[in-house]
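Participant: Quick one, what's the 3D model for this:
(one chain, ligands or ions: 1)
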Amino acid sequence: MDLIIRGAVLPRSAARGDGPVDIGIDAARIVAVEPHLAAQAREEINADGLLVAPPFVDAHFHMDATLSYGLPRVNASGTLLEGIALWGELKPHLTQEALVERALQYCDWAVARGLLAIRAHVDVCDERLLAVEALLEVRRRVASYMDVQLVAFPQDGLLRRARAFDNLKRAIELGVDVVGGIPHFERTMADGAESVRLLCEFAAQKGLRVDMHCDESDDPLSRHIETLAAHTHRLGLHGRVAGSHLTSMHSMDNYYVSKLLPLMLEAGVAAIANPLINITLQGRSDTYPKRRGMTRVPEMLAAGIDVAFGHDCVMDPWYSLGSGDMLEVAHMGLHVAQMTGVDAMRACFDAVTFNAARILGLEGYGIAPGCAANCVVLDARDEVEAIRLRAARLAVVSRGKVVSRSPAVRAALALDGRPQQVDFKLHRT
Ligand code: FE2
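Facilitator: All right, here's what the predicted structure looks like:
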C-alpha cells in the first residue's frame, strides 16, 4: 500500500463501530478500514486515537473576491450593500493575473486547513468574464489536489443588469459547473421570482445543479425560497438545488415557516448558511434587540433538510477576517444557532464536511473502502473537541498523498503550556 493511517478515530457519521481503525490507502483510493490492518505501506502515520475525518468542504465561497481586502478601499460601513458597491468599484481594475494569484494563495491556505473542496460563486456580470477565465485556470491548476466547483453568479442581478443572462450562459459554455442567482437583489419581488423561473428552467435544460444566493435579507417577506422550491419540484430538480444564505427565514412568521420547510423537503432543496457573514451583515438596520440573521439551521435539520455551512468571504469587500478554517465557520454556526447539545455540535461538524459534500455532489467522499483517499488528521479526539480547539491539522492527505503537515499546538490544549510556531506552508504537488 502507499499509506496507512493507524489508530484513527472516525467522525460519528463515518464510523461503523467503536474504537480506532487503521486506514489503508493505495493508488489514491481508500482500500481498507479495519481495526488492525496487517499490511505494510511505504508511509505510515500514527494517529494514536486522534480524529481522522474526510476533508473539510466549503459549500459557499467567493474565490474571485478573496484576499482583495482594502482594494481599492475598505468597506467603511461594513454593510452588504456597501460591499456590493465596493466590489463594483474594484471590478474594472481586476486583472486575470492578480485574480489567479490571490485565488491560488487562498487555495494554499485552504489545503493547509484540510479544506479540499470549495464551491465558489464567480461573478458573471463583467462583460469580459475575467473572473470566470481566472477561476477556470485556478480550477485546472489545483485539480491534482483540490476540487473547485464554480457557480455562475450574476452579482448585479440577472434581470437588473443588462446582458447578465447572456454572460451567465457564456460562463456555463466555458465550463462553469452550477447555475447561480440573486433574486432578492432584482428590482422587484416579481423580477426576483421571474429570475428564479428562468434560471431553474435553464439548469433543467442543461442538466446542471442550482445554487442561488436567496433571500439574503432581513425582510421577512423576502420569500424567493418558496419560488425556488416550487420550480425545483415542478422541473424535477430534486436533490440538485441549494438556497444559499436564506437569512430572511430568521425574521419570518413562524406559521409561514411551518408551511415552507415541508415544501423545501418535498423539493429536496438544501440550505447553505454562512454563519460568519450572516452574523456580521444581517440585522444592520436594527437598533436593539438586534436580529442574528442566520437562517433556521436546527429546525431545518430536524425537518430532514440538508444543511451545510459556508465560509462565504475571506478578506474581501464584505469581510475583513477569515483564514479558510472551516472549524471556525462551524464554531460560529454552533454559537449563532445555539446548537450546544452534543449531537447538535456534531451536526455542526457535519455541516462543514459530510452535508456540504452531499450538496456539492462530490463522488467518493468519506472514510470507507472505495472512497477517494482524501482526509485530515486532526489534533483532537472527536468532532466537538475539533471545533472547540479549531484543532491543528496534523496531516492533510489528498489523492493518497500527504500535502500538508502542521505540528500539534499544545499551548491550545494547555498540556505543557509552551506555545509552538505553526507552519502552514503547503508543499504543493
Ligand atoms: Fe455569497
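Participant: CA atoms for contacts and neighbours, from now on please.
Facilitator: OK.
Participant: In terms of residue numbering, what are the domains of the protein?
Facilitator: 3-54+366-405, 56-360 (automatic domain parsing).
Participant: Okay, now the first one: how far is its last residue from its first?
Facilitator: This means domain 3-54+366-405. 15 Å (Cα to Cα, to the nearest Å).
Participant: Adding mean pLDDT, write the domains of the chain out as TSV.
Facilitator: Below are the domains of the chain laid out as TSV (pLDDT from 0 to 100):
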stretch	mean pLDDT
domain 3-54+366-405	96
domain 56-360	97
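Participant: Save the ones you listed as TSV, and put in mean neighbour count too.
Facilitator: Output for those, formatted as TSV (neighbours: other Cα atoms under 10 Å):
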stretch	mean neighbour count
domain 3-54+366-405	20
domain 56-360	21
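Participant: Strands of the stretch 1-150 of the chain, residue ranges please.
Facilitator: In the stretch 1-150 of the chain, the strands defined using DSSP state E, counting those that start in this stretch lie at 3-8, 21-26, 29-34, 43-46, 52-53, 56-61, 115-123, 147-153.
Participant: Going by contacts, tell me the helices and strands next to the fifth one.
Facilitator: Which is strand 52-53. strand 375-378 (3 or more Cα pairs under 8 Å, 6 or more residues apart in numbering; DSSP states H and E).
Participant: Also the first one?
Facilitator: In terms of contact count using 3+ Cα pairs under 8 Å, 6+ apart, strand 3-8 is assigned the packing partners strand 21-26, strand 43-46.
Participant: Distance to residue 330 added to these, as a markdown table?
Facilitator: Listed next are the helices and strands packed on strand 3-8 as a markdown table, based on distance: least, Cα to Cα, whole Å:
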| stretch | distance to residue 330 |
| --- | --- |
| strand 21-26 | 26 |
| strand 43-46 | 26 |
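Participant: Of all these, which one is nearest residue 198?
Facilitator: strand 21-26 (44.9 Å; Cα to Cα).
Participant: Which residues does that closest one contact?
Facilitator: Under the criterion Cα atoms under 8 Å, 6 or more residues apart in numbering, residues 1-10, 30-37, 373, 400 lie in contact with strand 21-26.
Participant: correct me, but residue 397 touches residue 375?
Facilitator: Yes - between residue 397 and residue 375 there is a contact at 5.1 Å, judged by Cα atoms under 8 Å.
Participant: Would you state the strands of the stretch 201-350 of the chain in chain order?
Facilitator: So, for the stretch 201-350 of the chain - with DSSP E, counting those that start in this stretch - the strands run 209-214, 241-245, 269-273, 307-309.
Participant: Distance to residue 71 for the ones you listed - can I get that in TSV?
Facilitator: Shown next, in TSV, are the strands of the stretch 201-350 of the chain (distance: least, Cα to Cα, whole Å):
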stretch	distance to residue 71
strand 209-214	24
strand 241-245	25
strand 269-273	26
strand 307-309	27
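Participant: Which of these sits closest to residue 85?
Facilitator: strand 209-214 (16.9 Å).
Participant: which helices and strands does that closest one pack with?
Facilitator: strand 178-179, helix 189-206, strand 241-245.
Participant: possible to save the ones you listed as TSV with distance to residue 264?
Facilitator: TSV is the format used below for the helices and strands packed on strand 209-214 (distance: least, Cα to Cα, whole Å):
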stretch	distance to residue 264
strand 178-179	18
helix 189-206	15
strand 241-245	10
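Participant: In contact with residue 252, which residues?
Facilitator: 219-221.
Participant: how about those in JSON lines, adding distance to residue 359?
Facilitator: Output for the contacts of residue 252, formatted as JSON lines (distance: Cα to Cα, whole Å):
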{"residue": "219", "distance to residue 359": "26"}
{"residue": "220", "distance to residue 359": "26"}
{"residue": "221", "distance to residue 359": "26"}
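Participant: what's the closest of the residues you listed to residue 193?
Facilitator: residue 221 (12.8 Å).
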